[in-house]
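S.K.: Build the 3D model from these lines:
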Amino acid sequence: MTTSSDASVATAAAAVRSRRIRPDVGSDFARLSRRITEAGLLRQRHGYYAVRLTVVIGLLAAGWAAFAVLGDSWWQLAVAAFMALVFGQVALVAHDLAHRQVFRHRRTSAVWGRLFGNLGIGMSYGWWMNKHTRHHANPNHEELDPDVAPDILVWSTEQARNSSGPARLIGGHQAFLFFPLLTLEGFNLHVASVRSLFSPSAKSRLLEGGLLLLHMAAYLSALFLVLSPGKAMAFLAVNQCLFGVYLGCVFAPNHKGMPTLTGDDRPDFLRRQVLTSRNVRGGRLTDLMLGGLNYQIEHHLFPGMPSPHLRRAQVVVRAYCEEIGVPYHETGLIQSYREALTHLHRTGEPIRRQRKAS
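M.R.: Sure thing, here's the model as predicted:
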């Protein structure tokens, strides 16, 4: 039985593959951009970000203050869980800084981005920005988007057929392992950040490395000076595992389970962004917890748009997509996870089939 979500994704996939959607490719986005600009949705929101950055810094300070006051207590695990959410909010602020939603100047954005990313949570701003920029340029393109590279998971049946190593080992059951694997994502961000320092393309290596080292030294020193070794390890596990799950829950609904591209399959900019992205419906709480990334379609079309404008932009973009006949996919949060997991299970089928045959 084909569900409505399967049908919408299939329609989007067909639109991605089509080279004859509209003869005037390239002009559709320009017309949409004019409407967005005329609505004032690209204007900066200095007041909003001043409040948001202050609140996030305040929450970070409050969390560490509570840690210091509680001392060597198992109640610190509650602080670890709270700090996982705060770390996620810090990461979302770093994301907005990288897109220059907060400051228009590259240098100012980089300074604040490294303070929030490298120093605040131990995530390399330079590494993440390089990776995320490539993702935005070619979302869900199997050869060009690092987010759908067959590293641990496989994102298409073709990747499954050609998989090896860890992806081959777990690919057949990756849908069941997806959320458990997210508990390792926080640790993975730290490892990837350190490894990036040794890349020939790394920029500001000493600054990035120094801030990462300072974060890690301060974080681990606080844990093992205030807590007994057992409590320190428990705090570390709870904090980093929940941090990874939170980030995964923020980013997983955005593109997982949407059509993937290969080779020269590159529609015009508007369709490349809209057809590979999924929006998540919800209210202000959803906006807060997902940092505005629940408006993934609008964010991909206008990455420099301040996040508080995305809700208003959605009305314009959705109506425009309907006007020009471009499928626009949005769903609830739980349904977005269901679609992503269903896709992961489906793409792992070649591995399961080959195992049964051997």
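
S.K.: Can you list phi and psi of Thr331 for me?
M.R.: When quoted as degrees, to the nearest 10, the phi and psi of Thr331 stand at phi -150, psi 180.

S.K.: ok, how many other residues are close to it?
M.R.: Applying the criterion other CB atoms under 10 Å, we find 19 residues in the vicinity of Thr331. Bear in mind the C-beta positions are built from the backbone N, C-alpha and C, glycine included.

S.K.: likewise Pro350?
M.R.: Pro350 has 19 neighbouring residues, counting by other CB under 10 Å.

S.K.: hmm, who's touching the host helix or strand of it?
M.R.: With the criterion set as DSSP states H and E, the secondary-structure element containing Pro350 is helix 349-357. Helix 349-357 is touched from outside by Val154, Thr157, Ala160, Arg161, Ser163, Arg168, Gly171, Gly172, with contacts defined as CB atoms under 8 Å, 6 or more residues apart in numbering.

S.K.: Any quick PyMOL command for the buried ones out of the residues you listed?
M.R.: Here the buried members of the contacts of helix 349-357 are turned into a PyMOL selection, burial being counted by 16 or more other CB atoms under 10 Å:
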select buried, resi 154+160+163+168+171+172
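
S.K.: Of the contacts of helix 349-357, which belong to strands?
M.R.: The strands, defined by DSSP state E, take in nothing from the contacts of helix 349-357.

S.K.: Gly117: which of the contacts of helix 349-357 is nearest?
M.R.: Taking CB to CB as the measure, Gly117 lies nearest Val154 of these, at 28.7 Å.

S.K.: Could I get the contacting residues of that closest one?
M.R.: For Val154, the residues meeting the contact criterion (CB under 8 Å, 6+ apart) are Ala160, Ser163, Ala167, Gly171, Gln174, Thr347, Gly348, Ile351.

S.K.: Let's have those residues in CSV, adding distance to Leu310 and pLDDT.
M.R.: Converted to CSV, those look like this (distance: CB to CB, whole Å; pLDDT from 0 to 100):
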residue, distance to Leu310, pLDDT
Ala160, 34, 93
Ser163, 36, 89
Ala167, 33, 90
Gly171, 34, 90
Gln174, 30, 95
Thr347, 29, 94
Gly348, 33, 94
Ile351, 37, 93
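
S.K.: pLDDT score for the closest residue to Asn140 other than its chain neighbours?
M.R.: Nearest-residue entry for Asn140: Thr276, 4.0 Å, with adjacent residues in sequence omitted and distances by CB to CB, 6 or more residues apart in numbering. With respect to pLDDT, Thr276 scores 96.

S.K.: Please work out how many residues are found near Thr276.
M.R.: Using other CB under 10 Å, Thr276 has 27 neighbouring residues.

S.K.: just the one 10 residues further on next, same as before
M.R.: Per other CB under 10 Å, the neighbour tally for Thr286 reads 15.

S.K.: same deal with Arg355?
M.R.: In terms of burial, Arg355 registers 10 neighbours under the definition other CB under 10 Å.

S.K.: Relative to Thr347, how far out is it?
M.R.: 15 Å (CB to CB, to the nearest Å).

S.K.: ok, which stretches of the stretch 201-350 of the chain are strands?
M.R.: In order along the chain, the stretch 201-350 of the chain carries the following strands (DSSP state E, counting those that start in this stretch): 279-280, 330-331.

S.K.: Highest mean neighbour count out of those?
M.R.: When you average the neighbours per residue for each of these (mean count of other CB atoms under 10 Å), strand 279-280 leads with a mean of 23.

S.K.: picking up where we left off before, could you dump the strands of the stretch 201-350 of the chain into JSON lines and include mean pLDDT and distance to Tyr337?
M.R.: Output for the strands of the stretch 201-350 of the chain, formatted as JSON lines (pLDDT from 0 to 100; distance: least, CB to CB, whole Å):
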{"stretch": "strand 279-280", "mean pLDDT": "97", "distance to Tyr337": "10"}
{"stretch": "strand 330-331", "mean pLDDT": "96", "distance to Tyr337": "10"}
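
S.K.: Using JSON lines, lay out these together with distance to Phe116.
M.R.: As requested, the strands of the stretch 201-350 of the chain are arranged in JSON lines below (distance: least, CB to CB, whole Å):
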{"stretch": "strand 279-280", "distance to Phe116": "24"}
{"stretch": "strand 330-331", "distance to Phe116": "29"}
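
S.K.: hmm, back to that, ok, the contacts of helix 349-357 vs Pro253, which is closest?
M.R.: Using CB to CB, the contacts of helix 349-357 come closest to Pro253 at Val154, 18.9 Å.
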